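Peer 1: sequence first, predicted coordinates after that:
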Amino acid sequence: MSPPATDSGASSARRSRSGSPDLIASNAGTALPYATRSALHLKGLVPSGVEDFVVQEQRALEQLNTKSTNLEKYIFLSWLRTTNINLFYRLVLHNLKAIAPVIYTPTVGQACQEYSHIYPFLAPPNAVDGLYIPLNEVDNIDEIIANYRESIAEGDEPEITVITDGSRILGLGDLGMNGMGIPVGKLQLYVAAGGLNPDRCLPIVLDFGTNTEKYLDDPLYLGLRQKRPDDPAFYAAANRVVEALHKAFPNMFIQFEDFSTDHAFGLLDQWRNKALCFNDDIQGTGCVILGGFISAVEQAGIPPRDQRILFVGAGSAGVGVAKQLVDYFIIEHNIPEDEAKAMFWFVDSRGMITANRGDKLAQHKVYFARHDNSDTQCKDLEETLEYVKPTALIGLSTIYKAFNEKLLTRMNEINTKARPIVFPLSNPETKAECSFEEAMRCTDNRVLFASGTAFPEYTIPGTDELRVPGQGNNMYVFPPIGLGAVLSKPAHITDTMIYAVSKALANSLNEDEKKRGELYPRIERIREVAAELAAAFIHQAVKEGLAKDDKWIELANATAQGQVSPSPDGRFSAEMLAEVKKFMWVPAETFEQLRECCPHYHHHPMVHQHNQKL
Ligand SMILES: NC(=O)C1=CN([C@@H]2O[C@H](COP(=O)(O)OP(=O)(O)OC[C@H]3O[C@@H](n4cnc5c(N)ncnc54)[C@H](OP(=O)(O)O)[C@@H]3O)[C@@H](O)[C@H]2O)C=CC1
Ligand SMILES: CC(=O)C(=O)O
Ligand SMILES: [Mg+2]
């Protein structure tokens, strides 16, 4: 069983192997009481003021606020995370709305592009950010895993990993090893939103080269300076790594992230029934967008079956999202699959996707290729929009401003009877199809909107009406899916477990959010909502007979048998929700808590000596 929520020793555990006084000092710093300073031979090495964590946090926030750019803020926060992880997460959790766009999209995109330039000179074994696995060392993967094991404290085996090869980082393309910023950033959200223990999160980059000349020519580039391998070599190496990880840590949840689309589908197909894994860009994005889309369809003002949905972009994200929306129309609205599928059109870089377009469609596009277009071949988005006259426009194309003023205005004109749905979901901001303000202005403020990246709130001109844009980003769902998987330990993740999370997300809006017509819960509530979504996931995993953890099986069965009170939508019980919340990691509030909750503290040789003297 995993440690309880109070096990907040944070990264101090990792440092315990060094036997250095850093163990306590790094996470307590100026909060170290005099007696402990004395015991650890730190007298005179720390300023004399003894303060509590709240004051430390004020100082950290003050320092963060002196940084004039988001990249500087990112660098400061990375430094803080590797220096004092407890303080880092206190700051993140108490300022999530302001900090999420710094540690995650959009700033993380820029940080990845600059990764080799801002690399913080980490000093292993005491500071290890994750695993860098070069192609030419894949045969030594067991040694690499053994080295990692050596660098962590006993009992801190990873329970979750985010793994990328950097080949499609957000909408920024192939960043090679620089893509490491994404697993690092995603795992910070696993901790902040999902309550995973930071010591048990493992970011991994497969450093398999890059096809981006700019990085190959950059003297500071830290990855392998070679072109990417061909497909057989890629799959042989990637599978070798995943196999070794799965063997070393059989219960570890594996999140595939930001692989180029063909490999994203390929790896998922190979591993989805063999290991506890999922692809965030295909399944996570599908899950989160379905959650917001359900709310949008309810507010649009036309029957769901009259929706005509135009996707711009048919990559891992576009196809992943559309497949989940098809399931929704089938399951919730009893629309036969063929009819449900016919509610969707796609545009890619070559125009509307049709079966008779003349090019060989990639396998993942075939399902949605239109057969009813006769001779009509729309060559781009503008033509397709006029042809389809969509009620919903969804962008996962990486094309900045693809939804220009003209197109947005047309969406408004086409949809006089319904509120138009516009979801520019590409990341980061420099790739977003449009902004919230643009969508509001061009649709007489009628738009039902969600974006991948965080956009500012918008006050309708001439009024004091403030509108909050929805953030349709998989960050709302991968933390609870991971948390639910870590707790209930299903043999593998099914589409129906992910579907249950989408439904729970749509049900998670509070009265205020609903009254304001918002599509997603406010980010300040992301942790509270994550607990509900994780409970829904666990409940579904148990229902499908795939969960392996007895405690959660018993709790879910008790709900099903009516022994405990179910949630309003019947998906989980209050008891289960309370248990999930108990598990969620929280940073220590006081020095005492840090000390008590850190099992390694008491084993520290100097602390041991000190305690013996007391
Ligand atoms: N909001 C969220 O939570 C998430 C957002 N995303 C974002 O989605 C975007 C796409 O990701 P992914 O699907 O994996 O990437 P891909 O590169 O696989 O997909 C991009 C798609 O856009 C198409 N495209 C490119 N140029 C144009 C154009 N001019 N007009 C129309 N379509 C075009 C491509 O066409 P072709 O196939 O012909 O090359 C391709 O189908 C990224 O920006 C990513 O950040 C991804 C995951 C989650
Ligand atoms: C959010 C995300 O996973 C992406 O843009 O790739
Ligand atoms: Mg991604």
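Peer 2: Yep, it's here. Numbers count the residues shown, from 1 in each chain. Ligands and ions are numbered 1, 2, ... in the order given.
Peer 1: what's the distance between residue 253 and ligand 1?
Peer 2: Look at residue 253 and ligand 1: by CB to the nearest ligand atom, to the nearest Å, they are 18 Å apart. C-beta here means a position set from N, CA and C on the backbone, and glycine is covered the same way.
Peer 1: separation between whatever residue of the stretch 451-600 of the chain ends up closest to ligand 3 and residue 396?
Peer 2: Nearest residue of the stretch 451-600 of the chain to ligand 3, counting by CB to the ion: residue 474, 6.8 Å away. Look at residue 474 and residue 396: by CB to CB, to the nearest Å, they are 12 Å apart.
Peer 1: next, count neighbours for the residue of the stretch 451-600 of the chain closest to ligand 3.
Peer 2: By other CB atoms under 10 Å, the residues close to residue 474 number 27.
Peer 1: that one and residue 77, how far apart?
Peer 2: With distances taken as CB to CB, residue 474 is found 21 Å from residue 77.
Peer 1: again, but for residue 69
Peer 2: 13 Å.
Peer 1: just want to know which of those two has more residues nearby.
Peer 2: residue 77 (22 against 10).
Peer 1: which residues does that one contact?
Peer 2: Residues in contact with residue 77 (CB atoms under 8 Å, 6 or more residues apart in numbering) are 64, 88, 91, 92, 99, 102, 103.
Peer 1: what are the ranges of the helices in the stretch 1-150 of the chain?
Peer 2: Assigned by DSSP state H, counting those that start in this stretch, the stretch 1-150 of the chain shows helices spanning 12-15, 22-28, 34-39, 53-65, 70-83, 85-94, 96-103, 107-113, 115-118, 141-151.
Peer 1: these: lowest mean pLDDT?
Peer 2: Mean pLDDT is lowest for helix 12-15 out of these, coming in at a mean of 32.
Peer 1: number of residues surrounding residue 397?
Peer 2: 25.
Peer 1: that one in helix, strand or coil?
Peer 2: Secondary structure assignment for residue 397 (DSSP: H, G, I helix; E, B strand; the rest coil): coil.
Peer 1: doesn't residue 313 make contact with it?
Peer 2: Yes - assessed by CB atoms under 8 Å, residue 397 is found in contact with residue 313 at 3.4 Å.
Peer 1: what is in contact with those two at once?
Peer 2: Contacts common to residue 397 and residue 313, judged by CB under 8 Å, 6+ apart, are 347, 426.
Peer 1: in the stretch 351-500 of the chain, what residue lies closest to ligand 1?
Peer 2: residue 452 (2.9 Å; CB to the nearest ligand atom).
Peer 1: any idea how far residue 109 is from that residue?
Peer 2: 11 Å.
Peer 1: also residue 36?
Peer 2: To residue 109, residue 36 is 41 Å away according to CB to CB.
Peer 1: for these two, indicate the residue with more neighbours.
Peer 2: residue 109 (24 against 21).
Peer 1: ok, how many other residues are close to the closest residue to that one other than its chain neighbours?
Peer 2: Nearest residue to residue 109, sequence neighbours excluded (CB to CB, 6 or more residues apart in numbering): residue 428, at 3.6 Å. Per other CB under 10 Å, the neighbour tally for residue 428 reads 23.
Peer 1: also the one 10 residues further on?
Peer 2: By other CB under 10 Å, the residues close to residue 438 number 21.
Peer 1: try residue 269
Peer 2: By other CB under 10 Å, neighbour count at residue 269 equals 10.
Peer 1: and the host helix or strand of it, does that touch ligand 2?
Peer 2: Assigned by DSSP states H and E, residue 269 falls within helix 261-271. No - Helix 261-271 stays clear of ligand 2 (CB under 6 Å from any ligand atom), getting no nearer than 10.0 Å.
Peer 1: mind listing residues that contact that helix?
Peer 2: 165, 167-168, 231, 234-235, 238-239, 242, 254, 256, 259, 277-279, 281-283, 315-316, 362-364.
Peer 1: picking that back up, list residues touching both of residue 474 and residue 396?
Peer 2: Common neighbours of residue 474 and residue 396 (CB under 8 Å, 6+ apart) are residue 285.
Peer 1: buried ones among the contacts of residue 77?
Peer 2: 64, 88, 91, 92, 99, 102, 103 (16 or more other CB atoms under 10 Å).
Peer 1: and of those, the nearest to ligand 3?
Peer 2: Looking across the buried ones among the contacts of residue 77 and measuring by CB to the ion, the closest to ligand 3 is residue 103, at 14.7 Å.
Peer 1: excluding covalently adjacent residues, which one is nearest to that closest one?
Peer 2: Per CB to CB, 6+ apart, closest to residue 103 is residue 188, 5.1 Å.
Peer 1: phi, psi for the one you found please.
Peer 2: Note on residue 188: backbone dihedrals following degrees, to the nearest 10 are phi -60, psi -30.
Peer 1: numbering from 784 from now on, please.
Peer 2: Understood, numbering begins at 784; the last thing we discussed is residue 971.
Peer 1: pull the contacting residues for residue 1067.
Peer 2: 1038, 1061, 1257, 1260, 1261, 1264 are the contacts of residue 1067 under CB under 8 Å, 6+ apart.
Peer 1: what does this structure put close to ligand 3?
Peer 2: 1041, 1064 (CB under 5 Å from the ion).
Peer 1: check contacts around the residue positioned nearest the centre of the chain.
Peer 2: Of all residues in the chain, the one closest to the mean position by CA atoms, centre = their mean is residue 1258, 3.7 Å from it. Contact partners of residue 1258, counting by CB under 8 Å, 6+ apart, are 883, 887, 969, 972, 976, 1071, 1309.
Peer 1: filter these by proximity to ligand 1?
Peer 2: Within these, those near ligand 1 by CB under 6 Å from any ligand atom are residue 1071.
Peer 1: residues making contact with stretch 1074-1085?
Peer 2: 1087, 1090, 1108, 1111, 1115, 1174-1175, 1200-1202, 1204, 1206, 1231, 1233, 1253, 1255, 1259-1260, 1284-1289, 1292, 1300-1303.
Peer 1: just the buried ones out of these, please.
Peer 2: 1090, 1108, 1111, 1174-1175, 1201-1202, 1204, 1206, 1231, 1233, 1253, 1255, 1259-1260, 1284-1289, 1292, 1300-1303.
Peer 1: what about the closest residue to ligand 2 within the stretch 884-1033 of the chain, neighbour count?
Peer 2: With CB to the nearest ligand atom, the shortest gap between the stretch 884-1033 of the chain and ligand 2 falls at residue 953, namely 4.4 Å. By other CB under 10 Å, the residues close to residue 953 number 26.
Peer 1: wait, a helix at it?
Peer 2: No - under three-state DSSP, residue 953 falls outside any helix and is assigned coil.
Peer 1: and the pLDDT at residue 799?
Peer 2: 34.
Peer 1: buried residues in stretch 1017-1032, which are they?
Peer 2: Per 16+ other CB under 10 Å, stretch 1017-1032 contains these buried residues: 1017, 1020, 1021, 1024, 1025, 1027, 1028, 1029, 1031, 1032.
Peer 1: for the first one, helix, strand, or coil?
Peer 2: Assigned by three-state DSSP, the conformation of residue 1017 is helix.
Peer 1: what sits against it?
Peer 2: So residue 1017 contacts 948, 991, 1011, 1046 (CB under 8 Å, 6+ apart).
Peer 1: do the third one as well
Peer 2: Counting by CB under 8 Å, 6+ apart, residue 1021 makes contact with 948, 989, 991, 1046, 1050.
Peer 1: how far away is it from residue 1177?
Peer 2: Taking CB to CB, one finds residue 1021 at 29 Å from residue 1177.
Peer 1: again with the last one
Peer 2: Separation of residue 1032 from residue 1177 (CB to CB): 36 Å.
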